[in-house]
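J.: Return atomic coordinates for the entry below.
(one chain, ligands or ions: 1)
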Amino acid sequence: MRSDFQHLVTQTSEHISTITMNRPAVLNAFNERMLAELNEAVADAAQDGDVRCVILKGAGRGFGSGQDLSEFSSANGSEEPLEVSKHLGKYHQLIRTLQEMAKPTIASVHGVAAGISCNIALACDLRIAADNARFIQAFARIGLVPDGGGGYFLPRLVGIGKALEMAMLADEVSGPEAERLGLVNKCVPAAELEQATLQVAQRLAHGPTRAYGLIKQLMYQGLDSDLASSLKLEGELQGRAITTEDHREAIRAFFEKRAPKYQGK
Ligand code: T3D
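T.: Residues are numbered from 1 along each chain as shown. As a prediction, this is how the structure comes out:
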């Protein structure tokens, strides 16, 4: 992955790719450039066989404040619906790459995660939050609807009632409250966020990567399918998992009474 991004800092070490959004003066609000760079970095991490886990985080005092409001397209008085799908399409590409990459993704959230930044965190597989995290579905504050997959992920994570409350009232949800709601997997003291995120990432990066990719497929497709379809899919995916070297290694390790050494193959 290239490292000369203008608005990102990227680092890959021990099979973990860490991508840091880096526009701290505006709480990492998305301008066109940062969005394009994030799309590129996430796609690269998805393709890179050496990367087995991806961490997404923000520089400075927060995760992200959503779309940069100074680059916002608005209708300027017209009541004709604007064609925003082209612009949103670039966010949608990002959400889909995060979802479809066959390896785990973690959002490490401190400070504010507002608007589409919040929903990008929701599109990651796991979320670890600092106790100073502030999740805000900021859209209704400016008369908009949740985008970036918010209408899909939010009700699935917290239930329809809480999702509607968060989207309509747009109040802040703290890190501890987010943990209680199931919006994040874990909330830790801010000073421990980096280490807590790394610990989870290291476990995942040394785990059975191919099985993780299949687990993502099974779970995400399962959200929208009936039992019969999900059982059919699990049969197909298990048929693939069972042929992996990591599975064979795990069985060997079990009988040799040692920890398995997964190669991600
Ligand atoms: O077609 C489309 O693009 C539709 C897509 C929409 C996607 C969306 O994300 S819509 C939602 C956009 N985001 C917002 O509405 C949030 C706006 N920001 C805020 O409400 C507040 O800044 C926060 C609640 C996020 C944080 O408040 P606070 O008090 O901690 O920080 P602050 O002082 O407001 O912000 C610090 C600086 O960042 C400040 O600049 P300054 O005064 O120090 O020069 C502020 O203007 C700037 N900033 C914060 N958010 C944005 C921003 N600048 C541009 N765009 C932002 N989103």
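
J.: May I have the predicted confidence score for the closest residue to residue 14 other than its chain neighbours?
T.: Leaving aside its sequence neighbours, residue 14 sits nearest to residue 205 (CB to CB, 6 or more residues apart in numbering; 6.3 Å). Where you see a C-beta, it was placed from the backbone N, CA and C, and this is true even at glycine. Residue 205 is assigned 98 on the pLDDT scale.

J.: Also residue 176?
T.: 98.

J.: tell me which residues of the strand or helix carrying it are tucked away?
T.: Taking DSSP states H and E as the definition, one finds residue 176 inside helix 175-181. Neighbour counts over helix 175-181 (16 or more other CB atoms under 10 Å) mark 175, 178, 179, 181 as buried.

J.: So which bits of the protein are right by the ligand?
T.: Remark: the part of the chain in contact with the ligand comprises 26-27, 29, 65-70, 73, 84, 87-88, 112, 114-116, 136, 138-139, 141-142, 144, 147, using CB under 6 Å from any ligand atom.

J.: Give me the buried entries from these.
T.: Buried, going by 16+ other CB under 10 Å: 26-27, 29, 65-68, 87, 112, 114-116, 136, 138-139, 144, 147, out of the residues of the chain next to the ligand.

J.: quick one: residue 102 is in a strand?
T.: No - looking at residue 102 with DSSP: H, G, I helix; E, B strand; the rest coil, it is coil, so not inside a strand.

J.: now the strands for the stretch 51-200 of the chain?
T.: 53-58, 105-109, 112-114, 126-130, 134-136, 173-174, 186-188 (DSSP state E, counting those that start in this stretch).

J.: got a list of contacts for the fifth one?
T.: When you say that, I think you mean strand 134-136. 62, 109, 111-115, 118, 121, 129, 166, 170-175, 178, 183 (CB atoms under 8 Å, 6 or more residues apart in numbering).

J.: Can you tell me how far residue 39 is from the ligand?
T.: Distance, residue 39 to the ligand, by CB to the nearest ligand atom, to the nearest Å: 15 Å.

J.: Please look at that residue and residue 94 and confirm they touch.
T.: Yes - counting by CB atoms under 8 Å, residue 39 does reach residue 94; the two are 5.2 Å apart.
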